[in-house]
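>>> Sequence plus predicted model, see below.
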Amino acid sequence: MAKNKSDIRSEVLTVSERLVLLGLLGGEASIIHVKLMQDFKQRIGFDEEELQKLKFINNPDGTIQWTDPGNKGRGFEVGEVMRELIKERLEKLDKEKKINAGHISLWEKFVGNIKVVD
């Protein structure tokens, strides 16, 4: 867990980033990390008010669509351990060549800038 307030940073997450994180932070891990991921997923999840405002639609092709009335994202506190878990999950996807466009903004926030070599 974060040792002190300086280990916790606020991160603005868009609807899309939150949806990707909800999917990314599942599966197996140590009991402490599973509990930490559950707590974080609860915080970044969508409440009744947001669900009504965003009007999510599950499309037949498996994609999710929503209305985005000026939604610039919401700030969430992310501790050092949670940041490292997110980074590890993204790096694992990269090694498995399973990164997609939905992961790019999260990569830039939690792993670092992407360097493209010609």
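Right, received. Where do you want to start? Residues are numbered from 1 along each chain as shown.
>>> Contact partners for residue 37?
When contacts are counted by C-beta atoms under 8 Å, 6 or more residues apart in numbering, residue 37 is found next to 25, 26, 29, 82, 85. (Glycine included, C-beta is placed from N, CA and C.)
>>> what about it, distance to residue 103?
For residue 37, the distance to residue 103 under the criterion C-beta to C-beta, to the nearest Å works out to 17 Å.
>>> For the closest residue to residue 71 other than its chain neighbours, give me its contacts.
Taking C-beta to C-beta, 6 or more residues apart in numbering as the measure, residue 71 lies nearest to residue 15, with 6.0 Å between them; neighbours along the chain are not counted. Applying C-beta under 8 Å, 6+ apart to residue 15 gives the contacts 54, 66, 68, 71, 73.
>>> Grab the longest helix from this protein for me.
Secondary structure of the chain per DSSP state H: the longest helix is helix 80-95.
>>> circling back: out of the contacts of residue 37, what pair is the most spread apart?
When the contacts of residue 37 are compared pair by pair using C-beta to C-beta, the two farthest from each other are 26 and 82, 14.1 Å apart.
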